[in-house]
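Enquirer: Any chance you can model this:
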Amino acid sequence: SPYSSSIACYMYHPQIFSTSSITLAIIAEALRFMKIDLFPFHGYPKTSFNMSTAGSEAVEDTVQPLCNAMFDKTARYVEQEVDNTCSEYSVLEKMNTLAASEYEAMFNQLQQTNASADELKQSYTSLAPFVEQIDVLHEAVSELYAAAQGLDEYSRALETRLKQAIRR
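Expert: Alright, predicted model coming up:
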């Protein structure tokens with residue numbers, strides 16, 4: 001059937017179809033074809049057209065193939081529109097799948113980063129008493145160094161006095 005892909009698309013994506021939109025599309029296409037195809041004789045006066053005349057069968061013979069052609073063209077048009085819409089939904093579905101996989105990868109990386117941050121926080125918490133002891137020890141060493149410098153200066157001053165006292 002020439003409409004099998006359209007029917008399949010309708011089965012997978014029924015929300016894209018509505019009776020009114022399809023009907024309006026068919027009517028719009030029919031009107032377009034009627035203006036072009038159904039009145040090929042531009043000089044024919046439409047007001048004098050009377051279906052009760054003997055030529056009505058000839059008119060019906062002319063109109064029927066044109067109507068059939070119009071409906072065939074309309075069917076092909078609607079089918080192409082549905083196929084295009086199905087293609088667009090297919091591409092959109094692939095894009096959504098790709099985006100979802102990217103978001104999942106980012107989420108996994110974020111979880112790993114959070115786990116690493118938690119490990120660092122636990123390590124810092126366990127090392128905090130030692131860091132505090134190092135700070136206290138550093139202060140004590142700084143004070144001891146200052147005292148040693150003071151003693152060194154005092155000993156130099158004493159040495160200088162002693163040398164002066166010996167020279168006298």
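
Enquirer: Any stretches of this structure with poor pLDDT?
Expert: Along the chain, the model assigns pLDDT under 70 to residues 1-59.

Enquirer: what helices or strands is the helix ranked longest in it leaning on?
Expert: Longest helix of the chain, by residue count under DSSP state H: helix 56-167. In terms of contacts (3 or more CB pairs under 8 Å, 6 or more residues apart in numbering; DSSP states H and E), helix 56-167 is packed against helix 4-12, helix 19-33. (Glycine included, C-beta is placed from N, CA and C.)

Enquirer: Next, count neighbours for A165.
Expert: Neighbour count of A165, defined by other CB atoms under 10 Å: 8.

Enquirer: residue contacts, it?
Expert: A165 makes no contacts at all, as judged by CB atoms under 8 Å, 6 or more residues apart in numbering.

Enquirer: Just the buried residues of stretch 85-93, please?
Expert: Buried residues in stretch 85-93, counted by 16 or more other CB atoms under 10 Å: 85-86.

Enquirer: Let me fix that, I meant to ask about stretch 71-89.
Expert: 74, 77-79, 82, 85-86.

Enquirer: would you list those residues in TSV and tack on distance to A128?
Expert: Shown next, in TSV, are the buried residues of stretch 71-89 (distance: CB to CB, whole Å):
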residue	distance to A128
T74	79
Y77	75
V78	73
E79	73
V82	68
T85	63
C86	62
